[in-house]
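In: sharing a sequence plus its predicted fold:
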Amino acid sequence: MADDFPRGESYEAEHVHAVYEQIASHFSSTRYKPWPIVTSFLSSLPPGAIGLDVGCGNGKNLSTARGTSASSLSLSSGIFTLGSDRSPSLIRLAAQHQQHRSGADVVVADALALPHPRCRFDFAICVAVLHHFSTAERRVEGMKGVLEVLRPRHKVAEAGEAGEAGDGKGAGLENAGDRDGEGGKNGDGGGKALFTVWALEQQGSRRGWDEGCEQDVMVPWVMKGGAGGGKVRKKGRREEAKERLIAKSTAEVAENSEDGASEKREGLGEEEGLAAEEQERTFHRYYHLYKKGELEHDIVEAGGVVLESGYEKDNWWAVAARQAT
Amino acid sequence: MKLLTLNFLTCARRACKSSADAFPLHPRDVELEIVEAEPNPSFLSNILPRLEWPALVTLCAELGLPGLPGEAPEVAELTAGEDGKGGKLAEDLHRLLLETTVKEGALVCGSCGHEYRVKEGIANFLLPSHLV
């Protein structure tokens, strides 16, 4: 289980942001393929849709966008996705891949302080991000921020909706009626967001988490061969050992990824682990594992409505829109 | 960062979200760079209705870029022409929105005055803790 320090912004700065900065390059090399649910969501969008990828990491989902590939011959459609991430290192990697594409761009931003006008966007994806917020309030807050950039669900009624006073721009609202990419599920035309989070219920995975387990966990990331080793701050061995113990109590065998795409960490004994420290470094990221129904509950809490939801490969996902008023 | 992207950015501070002055952000001391991108007339015409045209006009004026009409062109104007490629207007917009990028400089909020840096083509919207 995660340690006893009060959670919140500074906790995440240490146990999420700092870790991603240090593992960015290695992490990125294991992230190249979008998950099926993400591909299917993006494929459902109408041509010309404008959206966000909040917490885009190295931008692996930006490249999926239909028609944005420079090599694609079917350029008849296409969406524009503006990606953002808290980690400047990951955004630098994303920028390298995106600069010659018409359909994407990236900026460095915090998901809790997004630099986007409200009510402008047709879609948003927020993939494997919310589980890094360390309190329930911040997880709901993160969702709210994503939902409020979406176009509201009604053409006229949204003008009086709380929290939008002064926006008054309304670009694209006149198109609201014909922007239904999902055959009636979102028939009144508002924007929609896809959220995915790591699930507590992972009977099928090698991590062994399941219903009833601790939801707030530290998950190890093992960096092999001293990648980035020279540059990173060395932790004290006692600190390392403590963290490894925490991790071991969480999962006997941990892996480097929430989608199983990366190498597997062998179940090192404590002494072996310390001996192997020269070759590999272990970082721990904080995760809140969502239990069944929690994602949907949070969406409602954040003022949204759930259009669809489900489970895919150790993750809960949901498509949400703003509450119609 | 593409000029198109600036049409979808505002100040990251919550207090500025409801201020009309916060959008669009104002470029300061920027260095522009042309980064080639694959021409895609239909992509352009698809996103055209989603743009805040007046904000684009403001941006171009502030950057000293010439030639943008005061009113948004019709989608049909972009797809006109015998080859369906919309001719010069489509080319100009492609150049402006998708190939003209901000390489260095700052973006300033017209409401609170906060300045966001752009370095090596990447804008940074992280706020210092006292502004969060």
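Out: In hand now; what should we look at?
In: what ranges does chain B have for its strands?
Out: Secondary structure of chain B (DSSP state E): strands at B:26-34, B:100-108, B:115-119, B:122-123.
In: flag the shaky bits of the stretch 1-150 of chain A, pLDDT-wise.
Out: The stretch 1-150 of chain A contains residues with pLDDT under 70 at A:1-5, A:32, A:63-77.
In: flag every residue of it that's near chain B.
Out: Within the stretch 1-150 of chain A, the positions near chain B by Cβ under 8 Å from any Cβ of the partner chain are A:9, A:47-48, A:50, A:67-68, A:70, A:75-78, A:80, A:82, A:84, A:86, A:88, A:91-92, A:95, A:99-103, A:105-110, A:112-118, A:120-122. Backbone N, C-alpha and C define where each C-beta goes, glycine included.
In: may I see the buried residues of the worst-scoring helix or strand of chain B on mean pLDDT?
Out: Least confident helix or strand of chain B, by mean pLDDT, DSSP states H and E, is helix B:75-79 with a mean of 80. For helix B:75-79, burial by neighbour count (16 or more other Cβ atoms under 10 Å in any protein chain shown) applies to B:75, B:77-79.
In: so which of those residues is the closest to A:Q22?
Out: Comparing the buried residues of helix B:75-79 against A:Q22 with Cβ to Cβ picks out B:L78 as the nearest, at 45.6 Å.
In: once you drop chain neighbours, what's closest to A:A24?
Out: Of all residues not flanking A:A24 in the chain, A:S89 sits nearest, at 3.6 Å (Cβ to Cβ, 6 or more residues apart in numbering or on different chains).
In: is that neighbour within a helix or a strand, and which one?
Out: Taking DSSP states H and E as the definition, A:S89 sits inside helix A:88-98.
In: just checking, B:T5 touches A:S84?
Out: No. Contact between B:T5 and A:S84 fails when scored by Cβ atoms under 8 Å: they sit 10.6 Å apart.
In: overlap in contacts, those two.
Out: A:V107 (Cβ atoms under 8 Å, 6 or more residues apart in numbering or on different chains).
In: quick one: which of the two has more around it?
Out: Per other Cβ atoms under 10 Å in any protein chain shown, whichever of B:T5 and A:S84 has more neighbours is A:S84, with 25 against 19.
In: could you tell me whether the more buried one really is in a helix?
Out: No. Counting by DSSP: H, G, I helix; E, B strand; the rest coil, one finds A:S84 to be strand, located in no helix.
In: next, count neighbours for the residue nearest to it when sequence neighbours are not counted.
Out: Using Cβ to Cβ, 6+ apart and skipping residues adjacent in sequence, the residue nearest A:S84 is A:A109, 4.0 Å away. Taking other Cβ under 10 Å as the criterion, the count of residues near A:A109 is 27.
In: ok, now A:S40?
Out: A:S40: 12 neighbours (other Cβ under 10 Å).
In: mind checking the SS state of it?
Out: helix.
In: got a list of what it touches?
Out: With Cβ under 8 Å, 6+ apart, A:S40 has no contacts at all.
In: same thing with A:V300?
Out: Listed by Cβ under 8 Å, 6+ apart, the contact partners of A:V300 are A:V306.
In: for it, phi and psi?
Out: phi -60, psi -40 (degrees, to the nearest 10).
In: pLDDT score assigned to it?
Out: Note on A:V300: pLDDT of 97.
In: try A:R322
Out: pLDDT, A:R322: 95.
In: could you list the low-pLDDT ranges of chain B?
Out: Judged by pLDDT under 70, the stretches of chain B that qualify are B:80-86.
In: for the helix ranked longest in it, packing partners?
Out: Longest helix in chain B, counting residues (DSSP state H): helix B:53-63. In terms of contacts (3 or more Cβ pairs under 8 Å, 6 or more residues apart in numbering or on different chains; DSSP states H and E), helix B:53-63 is packed against helix B:3-6, strand B:26-34.
In: let's go with 10 Å and repeat that
Out: Counting contacts by 3 or more Cβ pairs under 10 Å, 6 or more residues apart in numbering or on different chains; DSSP states H and E, helix B:53-63 packs against helix B:3-6, strand B:26-34, strand B:100-108.
In: how about the residue of chain B found nearest chain A, nearest residue that isn't a chain neighbour?
Out: Of the residues in chain B, the one nearest chain A is B:N46, at a distance of 2.8 Å by Cβ to the nearest Cβ. In space, and not counting its chain neighbours, B:N46 is closest to A:G48: 2.8 Å by Cβ to Cβ, 6+ apart.
In: also B:L68?
Out: Per Cβ to Cβ, 6+ apart, closest to B:L68 is B:C60, 4.7 Å.
In: tell me where chain A has strands.
Out: A:50-54, A:80-85, A:104-108, A:123-127, A:192-198, A:216-224, A:280-288, A:304-312, A:315-322.
In: with distance to B:W53 as extra columns, can I get these in TSV?
Out: Shown next, in TSV, are the strands of chain A (distance: least, Cβ to Cβ, whole Å):
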stretch	distance to B:W53
strand A:50-54	14
strand A:80-85	16
strand A:104-108	19
strand A:123-127	22
strand A:192-198	25
strand A:216-224	45
strand A:280-288	42
strand A:304-312	30
strand A:315-322	25
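In: which one, of the ones you listed, ends up nearest to A:P152?
Out: Distance to A:P152, taken as Cβ to Cβ, is lowest for strand A:315-322 among these, at 5.4 Å.
In: indicate whether the closest one makes contact with chain B.
Out: No. Judged by Cβ under 10 Å from any Cβ of the partner chain, strand A:315-322 stays clear of chain B, getting no closer than 15.3 Å.
In: what angle sits between that strand and strand A:123-127?
Out: 150 degrees (axes from the mean of the first three to the mean of the last three Cα atoms, to 10 degrees).
In: what pairs with strand A:315-322, parallel or antiparallel?
Out: Using DSSP bridges, the strands paired with strand A:315-322 are strand A:192-198 (antiparallel), strand A:304-312 (antiparallel).
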